[in-house]
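Chemist: Quick one, fold the following:
(3 chains)
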Amino acid sequence: MKVIIVTSAAPFVLGGANLLVDWLEEALIARGHEVDTFRIPVDTRADLLPAQLLGLRMWDFTGHGDRMIAVRTPSYLIKHHSKVVWFIHHHRPAYDLWDKYPDVPDDGSGAEFRRMMFVSDELALGEAETIFTNSERVSGRLRDYNGLDSEVLYPPLGENQNPRPGPFSDTLVYVSRITPHKRQMLAVEALARTKTPVRLAIAGADGGSGESNRIRSAISRLGLGGRVDYYDEVISDSKKNDLLASALGVVYIPEDEDSYGFVGLEAAAASKPVVTTTDSGGVLELVADGVNGLVTDPNPQALADAFDALWADRARAAAMGAAHSARLAELNISWDHVVERLLA
Amino acid sequence: MRVAVVNTAVPFLRGGAEILADALARALVAAGHEVAEVKIPLRWSSASAVAESMLAATLIPIPDADVIIPLKFPAYLVDHQHKTLWLLHQFRQVYDFWGTPHQGLPDDDETARLRTAIRAADLNAIGGAHAVFTNSAVTAGRLKQFNGLTAEVLLPPVIAPEQYSDAGQGDYVFAAGRINATKRQELLLEGLALTTSGVRLVIAGKPESDDELRRMVQFIETHRLEDRVQLIPRFITDAEKRDLMAGALGVAYLPFDEDSYGYVTAEGMLSSKPVITTTDSGGVLELVEHGATGLVANPDPEGLAGAMDALHRDRSAAREMGQRGRQRVVDLDLSWDNVLRRLLA
Amino acid sequence: MRIAWCTPFGKKSAIGEFSALVVSALRKLDLEVDIWYPRGAGGRTMPDHGRELAHESGPTLREYDAVVYQIGDHVKNHGQLLAASAEVPGIVVMHDVSLVHLFFPMLIGLTHDERTELLVRLAPEFPEASADFAQDPSAWAWSANTAVSFPLSELAMHSALAVVTHSQFAANLFRDRYLGDISVLPLPVLHEPAGGNGTRLPPIDPDRPLILQAGTLNANKRIEEVIAGFERSGSRSVAQLVICGHGSQEEIDRLRERARHLIADGDAIVLGSVSDEVLDALRQRALVSMVLRHPSTEASSAVLVDSMAYGNAVVAVDAGHYGEMPEDTIRLVAVPPDPDEIAAVIDSLVMDEAAARALGARAAAFVTREHTPDAYARAFVPIVRGVGGVVPRRWLVEEIAEAMVRTGFAADHPLGSVATEMAVELFGGTPRRPEALLHVPRTGSH
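Modeler: Alright, predicted model coming up:
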C-alpha cells in the first residue's frame, strides 16, 4: 500500500514521538509498503495556534496514496479519503494541563481558546476511520474530554533497535532524560537505603537544566560514588544495549506519565525486570507487580526494598525478565499487529 | 547552525529536486549543521487550490532555524527572516507556460487574480530574501524576465565526481539516463542512421514506456543498425555508467528545454569526453560550449549525425574538447563544499 | 469581581437613567460596580454620584476586572469614553447603530491631508459615501442615509472584548463589523407609571380616548403622517390627539399650522416640551401611543418600552427593531408610514377600546417581566465573566490577514471568504462534552 504519515515535529528537537514515527516508517517499509512522511513544524504558542490549524486544514491529500496515518496533534486536521489517527496526546495546555501554562489564562480569552481547540480536534478526529491511542490513559482522556472512542494500539520498540538479553549483574540501569519528572533523584535516595551491594547506572542528558549536577551532588553527599555509574550524556544505542544486556534490572519511575514510554520495552527486549512505582502512570499498563517487574510505593525505602529483592534473588529476576514476552504478546505489542491495525 | 531545507512535495512523487534536497540535507549534516527537512504540499488542479496552498505554506513556522533554504514554489513563501533561496522552480504555469499548452489553468478571472497574487508574493518572498540562488542560468533568466529579480547561479554539485575518469577513446557515443520523449534518445538514434563515419552508439537507461522501447528496437532492425547500436534498456549501476563513460568517444545529452545542466553532462565531462547536445537543450549549454567542450547541434537527425561523425573523424580534436571539458567542470568546483559555502555565506 | 461602569450621568441623560437602574441591579447581584462619567457629564445622585473620569483614565480603569463603556451617537457624552475604550479594552454597550455624529466632529477636525488619506482608505469599500463626504461633510453627517450605510460603528467596536446591544436589528448590523460575541439584552423600562393618579394633566378633553404622540419633534417621528392619518380616520371626533415633545418654536408653530383644523375642532392639541410629571400623567391617561420612526436608525427605543410599560396600545413601524416585540403586544404599520393605514389602525384601536386596553395590558405584562433592570443585570453577568472571548479569534484573523498580504492576495480576494468559511467550520462547532471545558482532574491519576 501507499501510506502517507503526517505528524507534527518541532524541528531540531529529538523526542519520543519522533522515534515512534521513524520506527513506524521502518516497519511499514520492511513489510513492502511505500511510505511518504511529512514532519510538519508547529509552533505551540497559543496566539499562533489557531492560524496554523487553519493552514493545516488547507492541506488536502485526498486522492493520494491508500491510507494516511496522522500521529501527533494537530496533524490529523489534514484531509484525506482514508485517514486513521494514532493519537499520542492532546495539546495539553488546552486540556488537562491548563492550570500550568501561562499561555492559556483562566478568563474569557482562555476559555474561548480552549473551546476552539476542543471543537477543532473533535471535527478533525471525527473524520478518521479509526482513532488509535498509545495507552489506556490517553484513550480515557479522549473519551472524557472529547467524547470520542478509540482503540489502544501499543507502540513497540523499533525493529532495528536491538537490546539483547545477557547475564544479571549487580547493576540496575536507568537510561532516560534527566529531569525531576523522571525522578532519577528518587532512585539515588533509594540506593542510599539499600542493604545489599546493588548498584545503579544512570545515563542521560539534562538539557542544561542543572538536574544532573544536583543528582551528582546527592550521590556524593550520600557517599554512593562507588555504587553509581553516571553517564552525563545521551549515550549511544550500542552503549545502552551493552548496559541493558548485563543489567540486573531496569528502573523506570517517572511521575504520572501517560504512556509506558520505550524504557519498559527496552527492558523487555533485554529480558530484564522493570522496577517502577504505583504513580508512574502508563508504564503500569505494561508492568504487573511480581510478573514482569516490581511495583512499589513511590518512596525511597520501598524502592530500596525492591532493589534489594532483585539483587538477592537473581533467579526470580530472570524469571520476571522472561515473563515480558508473554506480557507483550498479551498486549499485542508488535509491529505486525500495529501495521495490520493501521492499514485495516 | 540550524538549517531547514524546505521543499515542495507531492506524496510519492520523487524527482531530481527531491534527490537534490536530500543530498543537500546530508551535505549539511556532514558539515556539522543541525538540519530539518520540511516538506510543503502544493495542489495545482485549480486556481483556488493553488491559492490555498500558498496560504498554507506561509503559515508554517520555522522560528528555530537560523537559515531556511527553500527550493520551490510555494515553499519559499514560508515566513522567515533569513531566507536563502536555491530556486529550482517557480510556478511556471503563470509565467513562461502561460499561453502555451502547459498553462494548466483556464484563462479566466480567477486565474488572472491568482497570477497577480503570485507575482506579488514572488516579489515579496524572493525579493525580500536574504539571498537568492538558482540552479541554472535558465531559471535565473526567467526570474529576471518575469519578476525583475536578480539571482546568482549556483549549479548543483555532481554526485561523487571522483569516480569519473578517462580510460581512453572508444568508438561510441554514450547516452545515459531514463529514456523518454523529453530526453530524445530516439532523435539520437535517427541521427546515427545518417552517419557515414562508422561511429557507434550506446544507449543505456530505463524506457518510460513499452512503446518507446518497441519503436527503438524496430528502428534498429529496420535500418540494420544492430552492430552499430547497443541498447541497454534498464537502469544501469553507477559502476556500469562510469565504465561506459570512461571508454567512450563522446557523451550525448540532448533533453528538450531542461533547466539544469544534467548530471550526465558533468559526469561525461569529468570523464574527459566531449559532449554532444542541441541548441534547444537549455541548462546543458551552461557547460557545453560548441567547439570548446563539445558540439551543439541543431535538434534534428542531420545535425546530430554531423556531430557524431565529426568526433569520429577528428579524434584529437575530440580528445582536446574532452580535456577542456574536464578542466571546466573542475574549475567550476561543482562540490557540496562550494555550494554550502555560498548558501551559508 | 470589580467592574467600572462608564456612562454619561447627567440628569437629562436617558443613558444615565439606564445606567443608574442597571448598576443598582448589578449591585444586588453582589457585583462591585463603580460609576464613572466623562468630564462635564455628571449630575445624577442615584444610586450614587459616580466619579468623573480624568483625561488620563487608563491607569484607573486598568485596575478593574472588567470595564463597561456606554457608547452612543453623541460626542459630548461619549467622546471621552470612546477614547478610553481604545486604550483599555472592555465591553462596549452600543446604544445606537450609527455613530456618525459621535465621529463627525473628529472627522471635520481632520486636516485636509488627513481627510484625504482617510477617504483614500475608505473609498474602495464605501465609494459613494466617500464621495459624498468629500463633497459636503456636513450634509453627509446629518443624512439619514449615511446613518444606515456608513455608520462607523466598527470604529467603536474595534477593540471591544465583547459587544452588547438592545435588539437583533442592531446586532445584525454589527455582526459584519465585529469579530467577537454580540449579545442582545432587552432595554430596561426607564419610566414606569409614577405613584398618584397623574394629576398634572394639561387641559385635555377628559371624556375622549387619548392618542399620545410624545417625543422630540423631528422629522423621523413622522408626526405629519400621524396628523394626516388622524385627520382622515373615523376616530377624529371620538379621540383626541396630543402631540408633545421638545422642539424649536419654529417646529412647534409648523405643527400647529399643519394641525390647525384638528386643533380648531378640539380634536388635537400641540404642546411643546412637557415635564416628566406631565408626560407621566399623559401616558397614564393615554389609550394609544404613536411611536413611529422612519428611517429607523436606533438600536432600541426607550420611548417604546416605556409606552408599553404604561399599558398603552403602541403603534410602531414594521421596520428596525420594532418588529422584535411579540406580535400580540404591539400594532405595526408598513414603511413608509401611510396616513391611510395609520387611520385604519387608529380606528381599530379607538373603536374597540377593550381590545386596545387588552393589547396594552399584554404589552405592560411583557415589558415588566422581560425589560427590567434585574433581567438586564442577570443577563449581563455571564457576559462580564466570559469577556475576552474575542481575543483568540482576533489572533486568527490578524495572522490570516498578514498571511494574505505576504502571499499577494488583496483583502477582497475570494481566498478571504474561503478562509473565513473554513474557520467557521473548524472553530464554530459545539464541544461534544461542554462540561469538560471546565477544569477536570486528569484521567486515571492516583
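
Chemist: Would you map the helices across chain A?
Modeler: Assigned by DSSP state H, the helices in chain A fall at A:16-30, A:49-57, A:108-126, A:136-146, A:184-192, A:211-221, A:237-245, A:263-269, A:300-312, A:314-322, A:324-330, A:335-342.

Chemist: now the stretch 51-200 of chain B
Modeler: Counting by DSSP state H, counting those that start in this stretch, the stretch 51-200 of chain B has helices at residues B:109-127, B:137-147, B:185-193.

Chemist: In JSON lines: the ones you listed, plus distance to chain A and mean neighbour count.
Modeler: For the C-beta atoms, the positions are set from N, CA and C on the backbone; glycine is no exception. Shown next, in JSON lines, are those (distance: least, C-beta to the nearest C-beta, whole Å; neighbours: other C-beta atoms under 10 Å in any protein chain shown):
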{"stretch": "helix B:109-127", "distance to chain A": "15", "mean neighbour count": "19"}
{"stretch": "helix B:137-147", "distance to chain A": "25", "mean neighbour count": "18"}
{"stretch": "helix B:185-193", "distance to chain A": "28", "mean neighbour count": "21"}
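
Chemist: ok, for the residue in chain B positioned nearest to chain C, nearest residue in space, not its chain neighbours?
Modeler: Here chain B gets closest to chain C at one residue, B:A120, 2.9 Å apart by C-beta to the nearest C-beta. Spatially, and ignoring its direct neighbours in sequence, B:A120 is nearest to C:G408 (2.9 Å; C-beta to C-beta, 6 or more residues apart in numbering or on different chains).

Chemist: Close to chain C: what parts of the stretch 201-344 of chain A are there?
Modeler: Contacts of the stretch 201-344 of chain A with chain C, taken as C-beta under 8 Å from any C-beta of the partner chain, map to A:256, A:279, A:281.

Chemist: give me every residue that touches the spatially most central residue of chain B.
Modeler: Nearest to the mean C-alpha position of chain B, by C-alpha atoms, centre = their mean, lies B:S260 at 3.1 Å. Going by C-beta atoms under 8 Å, 6 or more residues apart in numbering or on different chains, B:S260 touches B:16, B:88, B:135-136, B:155-156, B:282-283.

Chemist: and chain A, which residues reach chain B?
Modeler: A:2, A:4, A:9-12, A:34, A:36, A:38-43, A:48, A:51-52, A:54-56, A:58-61, A:64-65.

Chemist: Just the buried subset of these, please.
Modeler: Neighbour-count burial (16 or more other C-beta atoms under 10 Å in any protein chain shown) is assigned, among the residues of chain A next to chain B, to A:4, A:9-12, A:36, A:38-43, A:48, A:51-52, A:54-56, A:58-61, A:64-65.

Chemist: Looking at those residues, which are in strands?
Modeler: A:4, A:36, A:38-40 (DSSP state E).

Chemist: Chain B contacts on chain C?
Modeler: Close to chain B, as judged by C-beta under 8 Å from any C-beta, chain C has residues C:399-400, C:403-404, C:406-410, C:413-415, C:418-419.

Chemist: Now neighbour count, pLDDT and distance to C:P373 too, for these, in TSV please.
Modeler: Listed next are the residues of chain C next to chain B as TSV, based on neighbours: other C-beta atoms under 10 Å in any protein chain shown; pLDDT from 0 to 100; distance: C-beta to C-beta, whole Å:
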residue	neighbour count	pLDDT	distance to C:P373
C:E399	20	94	41
C:I400	22	95	41
C:A403	23	96	46
C:M404	22	96	45
C:R406	21	95	50
C:T407	27	97	51
C:G408	23	96	53
C:F409	25	96	48
C:A410	14	91	47
C:H413	19	93	47
C:P414	14	94	47
C:L415	24	95	47
C:V418	15	95	45
C:A419	26	95	42
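
Chemist: Show me the two of these that sit farthest apart.
Modeler: C:E399 and C:P414 (18.9 Å; C-beta to C-beta).

Chemist: Tally up the residues packed near C:G389, please.
Modeler: Number of residues near C:G389 (other C-beta atoms under 10 Å in any protein chain shown) recorded here: 22.

Chemist: I figured it hits C:Y178, correct?
Modeler: No. Contact criterion C-beta atoms under 8 Å: C:G389 and C:Y178 do not qualify, at 12.0 Å.

Chemist: Can you confirm whether stretch B:69-78 lies near chain A?
Modeler: No. Stretch B:69-78 stays clear of chain A (C-beta under 8 Å from any C-beta), getting no nearer than 8.9 Å.

Chemist: ends of that stretch, how far apart?
Modeler: In terms of C-alpha to C-alpha, to the nearest Å, the two terminal residues of stretch B:69-78 are separated by 10 Å.

Chemist: any low-confidence regions in the stretch 251-400 of chain C?
Modeler: For the stretch 251-400 of chain C, applying pLDDT under 70 flags no range at all.

Chemist: Run through the strands of it in chain order.
Modeler: C:268-270, C:288-291, C:313-317, C:331-333 (DSSP state E, counting those that start in this stretch).

Chemist: Chain B too?
Modeler: According to DSSP E, the strands that chain B contains are B:2-9, B:34-41, B:67-70, B:84-87, B:131-134, B:152-153, B:172-176, B:200-204, B:229-232, B:250-252, B:275-278, B:294-297.

Chemist: Give the other helices and strands that the fifth one contacts.
Modeler: With contacts defined as 3 or more C-beta pairs under 8 Å, 6 or more residues apart in numbering or on different chains; DSSP states H and E, the packing partners of strand B:131-134 are strand B:84-87, helix B:137-147, strand B:152-153, helix B:336-343.

Chemist: Quick one: closest of those to C:R433.
Modeler: strand B:84-87 (47.0 Å).

Chemist: what does the closest one contact?
Modeler: For strand B:84-87, the external contacting residues (C-beta under 8 Å, 6+ apart) are B:24, B:67-72, B:76, B:126, B:129-135, B:139, B:143, B:151, B:154, B:343-344.

Chemist: For ChimeraX, write the selection for the buried entries among those.
Modeler: Filtering the contacts of strand B:84-87 down to the buried ones (16+ other C-beta under 10 Å) takes a single ChimeraX command:
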select /B:24,67,68,69,70,71,72,76,126,129,131,132,133,134,135,139,143,151,154,343,344
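
Chemist: quick one: low-confidence ranges for the stretch 1-150 of chain A?
Modeler: A:14-17.

Chemist: Contact residues of it facing chain C?
Modeler: Counting by C-beta under 8 Å from any C-beta, the residues of the stretch 1-150 of chain A that sit close to chain C are A:46-48, A:50-51, A:53-55, A:57-58, A:77, A:96, A:98-99, A:107-116, A:118-120, A:122-123, A:136-137, A:140-141, A:144-148.

Chemist: If we use 6 Å, what do you get?
Modeler: A:47, A:50-51, A:54, A:57, A:96, A:98, A:107-109, A:112-114, A:116, A:118-120, A:122-123, A:137, A:140-141, A:144-147 (C-beta under 6 Å from any C-beta of the partner chain).
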